Structures are given as structure tokens and as C-alpha cells.
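1. Predicted coordinates and the sequence they were generated for:
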Amino acid sequence: MTIIAWSGGISGPSYPRTVSVTRSTANRQSARHSAGRALLPALPVAAVAAVLLVPEYFGLADLAPFAQLVAFRPVAAVGLVLLAALAVLIRRRWWPGALAVTAVAGMALGTVLPRAVAEPAPPPGPSLTVLSFNVNHGRADVNALAAAVRANRPDLVVLPEAGQRFERRLDPLLAGLRYRSWATTRPDEQDADGIVVLASARLGKVTATPLDLGTTRRFMQLTGGGLGGVAVVAVHPTAPTGPLSTWVAELGTLRDWCGGDPGEQGPPHIVVGDVNATLDHTALRAATAGCTDAAADRGQGLVATWPTAWPRWLGVQIDHVFTSGGPRAADLSVLDLPGSDHRALFTRIVVPPG
């Protein structure tokens, strides 16, 4: 299109001036086409990223390999944002595709970043301290563990993948500290198949009850004594390495203590152990809807507890302390103890009177 304009003053001669906008219009159209060409190849990449980062939106959360991959959602989302920024630095015209990928990563980050922000601390009150540590088929350094118990003097110690063999090695090292211990295994069973629980004499006459719920490993419930009305359950559901239906079913047993709606005031429970799932797994979130995760509550929900060979920011958090019915974590520390592929959790839980 061509526009004819007149220039000049009122008294002077006027000459026609031709202004062409054809080139500028063509440039805008070319830019739009370039953006479209850059966006089209990125759409499949963004779609794949969405399926891997947020498989629950596609009904794939409990299927392999999505259930395994989504455990790394925090790291994967940050990695995608960095890759998108790098792509734009390398070639600016790739920005539409980078924007699409960043949008997907941002959606994933929106689900995980709140775990790094601590909620207001619970009001002061009587507290219960718990040390939980997966001892890696009984291979953890028993002397280092005993030293951690002596240093922290927890009221309860929960040791997944420990049986009577590990218990016999640990008990003499704690002589004089007045701990009682129980194991879920029989003498002929391997440490990997059990859970050992220790209770300080400060709690008085605590009762330990093995729970045979049809899970791969028996759980253990502690009640009475200084626990008052609080029931503490030591758990170790199976890992998502075999049939995922078994993994989902065993996570579902946590509903016995964490069922109900968030904030619903039911009987007070504390659920502790290696859960073999992260808060990015829909099966775990559904089973613990009525519980509060202690690490996320204290702003440490992105600190990896497994594997110890990786940095804390790179692994996954599959060891948990859940509370319901009133108790809440006031402090939580992630500890590195030698000999295991898991990190330990030391948690101080405020238990409201009554």
C-alpha cells in the first residue's frame, strides 16, 4: 500500500512525498512466520516435558517409567529452565520454543517450591524427638549410629532395613542409655526385611505391636506410656521397582493413619520411615492427605535423603515423618551417617497437651 502525503508550508510550494509501508508490513509478517517456525518444533518438546514432569495431568502418574521419573521433578524442572535460557543465548530466534518449555517447567516448579518455604512454627508445648534412618540392609556404620543416638538422645529411633541381627549389634553400644528395642523380623530373617524401633526409658511403658497388613515388610506401631494418646507407626512400603500396583497398594496403607481431609482433627498419629515415594507421587499424596509432611512443613521438603552418593539438591526425598491429629514438627535436621545410601532425619515434634 502506498500513501501520498503533501509537505511544505502554506506560503511555499508543496511537493508530494511518497511513504511506503509495504516493507515494514512485510517485516512484521516475516517476524511472525519466523516465530511460528521456531515454535512448531518446540511444541513436541514441550509436550514430552509435560508428560514427564506432570504425568498426573495425563493419567500416567502410577505407570512406569513416569512414576520413577517424576520423583526427580524439582531437579528436572530447574534443568529445563536453564536449558531454555541457554537455547535463547545460543540463538535468539529460538525464544518461542524456549518460552513454551519454560512454561511447562514453571508449572512443575509451582508444585514443588512451596516445600522449600517453612510454615509458621507450632506453638510451644511438650515435644517428642524421633531419629529415623534406613540402615541399608543392616550395613550402616553401627558405631556412628550409636554416636548419633548418644549425641541427640531421641525419644524414639526408627530403623528401616534392620532386623534382629542389626539389633544385637546396636544394643550393646547403647548400654547405659536405657533404650528398649523391638524388631519386626524373626531370628532367621534378613535385616533388609525388617524394622527396628527403640524407645527411651523416658517414655515409660511403651507397647510395640508388629502390624501384618499384607505389606512386603511388617510395620510396627508404638502406643502407651509417655506417648499418651499419640500412636507412632514405623513403616517401610515397597519400592516402585516391581509391579507398581503393589507399590501403590502399600502406600495406600498409610490411609489408616493419614486418611481424611487436610486439617481434619482425627486421632493423633506420627508415621515415620522410608516410604519409597516423594510428595511428587500422587499415590503418596492421596494416601497422606490428612497428614502434614514434617520436612515440607519446616521448609526442607526439597532436601534429598537418597542416594547419599549424590548432592542433597540432586537426589530425592523418600524418607518422611508425617503427623496428623495435632502433633506438628518444630524442627527437622537431615543427617549424613556413614554406611548407608540414605540420610537420616532427626525431628522434634510438638505434641499438644491432651
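-> The structure has been received and is ready for your questions. Numbers count the residues shown, from 1 in each chain.

2. Quick check: beta-bridge partners of Gly273?
-> Beta-bridge partners for Gly273, by DSSP bridges, are Val235, His320.

3. That one and Val157 touch, don't they?
-> No: in this structure, Gly273 is not within contact of Val157 by C-beta atoms under 8 Å, at 11.7 Å. Where you see a C-beta, it was placed from the backbone N, CA and C, and this is true even at glycine.

4. where do the contact lists of those two overlap?
-> Residues touching both Gly273 and Val157 (C-beta atoms under 8 Å, 6 or more residues apart in numbering): Ser132.

5. Apart from its chain neighbours, what residue comes closest to Asp141?
-> Among residues not flanking Asp141 along the chain, Gly339 sits closest, at 3.7 Å (C-beta to C-beta, 6 or more residues apart in numbering).

6. Check Arg91 and give its pLDDT.
-> If you check Arg91, the pLDDT there is 82.

7. The one 10 residues further on now?
-> Reading off the confidence values, Val101 has pLDDT 85.

8. How many residues are close by it?
-> Number of residues near Val101 (other C-beta atoms under 10 Å) recorded here: 23.

9. Is it in a helix, a strand, or coil?
-> Secondary structure, DSSP: H, G, I helix; E, B strand; the rest coil: Val101 is helix.

10. which ones are touching it?
-> The contact partners of Val101, by C-beta under 8 Å, 6+ apart, come to Ala42, Val45, Ala46, Ala49, Leu80, Leu83, Ala84.

11. Just confirm the fourth one contacts Leu80, I think it does.
-> Read it as Ala49. Yes: with contact defined as C-beta under 8 Å, Ala49 and Leu80 form a contacting pair (6.0 Å).

12. Mind listing the shared neighbours of those two?
-> By C-beta under 8 Å, 6+ apart, Ala49 and Leu80 have these common neighbours: Val101, Val104, Ala105.

13. Turn those residues into a markdown table, including distance to Thr207.
-> Converted to a markdown table, the shared contacts of Ala49 and Leu80 look like this (distance: C-beta to C-beta, whole Å):
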| residue | distance to Thr207 |
| --- | --- |
| Val101 | 54 |
| Val104 | 50 |
| Ala105 | 49 |
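
14. Looking at the residues you listed, which one is closest to Asp319?
-> Nearest to Asp319 among those: Ala105, at 26.2 Å, using C-beta to C-beta.
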